[in-house]
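In: pasting a predicted model and its sequence here:
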Amino acid sequence: MTLNMKSQYQQDNFTRLTKNIELLNQIIRTQACLTQVDFNLQMFMQLVAEQMHILTPATGAVVELVDGDDMVYRAVTGSVSAHLGLRLKRENSISGLCVKNNTVLKSDDTEIDQRVNRDACRKVQARSLVVAPLIHKNQAVGVLKILSNNPDAFSDEDVMTLQLMAGFIASGLMHQLLYETNENLLVERTAALHELEIAQNRLYHLAHYDYLTDLANRSTFYEKLNEVFSRSERSEPYIALMYLDIDHFKNVNDTLGHNVGDELLKAFAKRLKQSTRDSDLIARLGGDEFILLLNKLKKSDDAIQIAQKIMKEMQEPFLLNNEKVKISTSIGVTFYQGELISMSELIKQADEALYLAKQAGRSTYRVYFNSE
């Protein structure tokens, strides 16, 4: 070997070494970039495609993931940027063959290569390509592909670069996939817990509230009344109990039908709410029977005023199914001020007062008076 030839050989080796060092540095920088995508799978795959476009003479780069019998373009750059989401059959494609054999494949000219899907290659302008499997635990989860619109575009160094990057990327990609799966599972679990909470709240509501009027039901009313009885001290001097029903409600059902009767019950309950205070408890005991627990009363006349307001509100006609329905209500009132009396006895007193109101001609109220 002459001196000039030796000098040229050394120069070529130095150039090749410098190029390889720079390439290695670029790969290391790529690795550093990949660690900073904060478990965003789409960003991760897009960065992979963009870096391979930079590291090789490719006109485009693709990350394809296995989805059943298909390969799906999940990240694209360069000449294939318009084909994000492209779905191709694994069978009779070089990407599918790469996944199947877990090996890097190179096609210098796709027009004469029987392994490729020629129509797909023409669609994405891939005259030559290199494809490397993304392997995790001996299973290919996808491929990393670089392509060019020119034949014979890639050298052995490009194949090594792709293979090296694919090895780095596969573990990172699987980590990303596992993270995304866990995130999806967390979202699904959170949604399931939310649905369960809604169902539980619904069941609780059905157990404690009347299905028709959405007022408290009998059991809930008794629970609240029992709480009042269990208090050893009360700041309010008066607690009143009102028992009321709709006068001649049976006639409404018989003449207008049960559907109108149900609508009347709902409208009646709504007016009861409008006529009472937020602190008062209203319950439907069944049929057209309602009961009210009025607490925080400063004087007994407060309950009388509420009873009068209710009767006045109910005298206004109800518009039900485009028909005006006029009704009235009768009310029985009793008071509880901490004397030794049972809960059932207090309700009985209110019921007896209601009976007296009925006897007095309805559309009025009566207060229970203990004659003993």
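Out: Looks like it came in fine. Residues are numbered from 1 along each chain as shown.
In: for the stretch 101-250 of the chain, give me the ranges with low pLDDT.
Out: For the stretch 101-250 of the chain, the stretches flagged by pLDDT under 70 are 168-182, 231-237.
In: now do the helices in the stretch 1-150 of the chain.
Out: 3-34, 41-55, 94-101, 118-123 (DSSP state H, counting those that start in this stretch).
In: buried stuff in the shortest one?
Out: By neighbour count, with 16 or more other Cβ atoms under 10 Å as the criterion, the buried positions of helix 118-123 are 120-121. Every residue, glycine included, has its C-beta placed from N, CA and C.
In: going forward, begin numbering at 793 instead of 1
Out: Sounds good: first residue 793 from here, last item helix 910-915.
In: got the contact list for that helix?
Out: In this structure, residues lying in contact with helix 910-915 by Cβ atoms under 8 Å, 6 or more residues apart in numbering are 875, 880, 885, 902-903, 918-919, 921.
In: comparing the helices of the stretch 793-942 of the chain by mean pLDDT, which bottoms out?
Out: The stretch with the lowest average pLDDT out of the helices of the stretch 793-942 of the chain is helix 795-826, scoring a mean of 51.
In: which residues of the stretch 843-992 of the chain fall in strands?
Out: 852-859, 862-870, 879-881, 897-899, 920-928, 931-940 (DSSP state E, counting those that start in this stretch).
In: where does pLDDT dip in the stretch 1043-1164 of the chain?
Out: In the stretch 1043-1164 of the chain, residues with pLDDT under 70: 1129-1132, 1162-1164.
In: quick one: the helices in it?
Out: 1050-1067, 1092-1106, 1135-1151.
In: as JSON lines, the ones you listed with mean neighbour count and distance to Val858 would be great.
Out: Shown next, in JSON lines, are the helices of the stretch 1043-1164 of the chain (neighbours: other Cβ atoms under 10 Å; distance: least, Cβ to Cβ, whole Å):
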{"stretch": "helix 1050-1067", "mean neighbour count": "17", "distance to Val858": "57"}
{"stretch": "helix 1092-1106", "mean neighbour count": "17", "distance to Val858": "69"}
{"stretch": "helix 1135-1151", "mean neighbour count": "17", "distance to Val858": "69"}
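In: how about these, which one is nearest Asn1114?
Out: helix 1050-1067 (10.7 Å; Cβ to Cβ).
In: could you give the angle of the closest one to helix 1092-1106?
Out: 140 degrees (axes from the mean of the first three to the mean of the last three Cα atoms, to 10 degrees).
In: got the CA positions of helix 1050-1067 in PDB?
Out: What follows is helix 1050-1067, C-alpha atoms only, in PDB (Å, rounded to 0.1, in the frame of the first residue of the first chain):
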ATOM      1  CA  HIS A1050    -105.900   7.500  37.800                       C
ATOM      2  CA  ASN A1051    -103.400   9.200  35.600                       C
ATOM      3  CA  VAL A1052    -105.000  12.600  36.300                       C
ATOM      4  CA  GLY A1053    -105.100  11.500  40.000                       C
ATOM      5  CA  ASP A1054    -101.400  10.900  40.000                       C
ATOM      6  CA  GLU A1055    -100.700  14.200  38.300                       C
ATOM      7  CA  LEU A1056    -102.800  15.900  41.000                       C
ATOM      8  CA  LEU A1057    -100.800  14.200  43.800                       C
ATOM      9  CA  LYS A1058     -97.600  15.500  42.200                       C
ATOM     10  CA  ALA A1059     -99.000  19.000  41.800                       C
ATOM     11  CA  PHE A1060    -100.400  19.000  45.300                       C
ATOM     12  CA  ALA A1061     -97.000  17.900  46.700                       C
ATOM     13  CA  LYS A1062     -95.300  20.800  44.800                       C
ATOM     14  CA  ARG A1063     -97.600  23.400  46.300                       C
ATOM     15  CA  LEU A1064     -97.000  21.900  49.700                       C
ATOM     16  CA  LYS A1065     -93.300  22.600  49.200                       C
ATOM     17  CA  GLN A1066     -94.100  26.100  48.100                       C
ATOM     18  CA  SER A1067     -96.200  26.800  51.200                       C
END
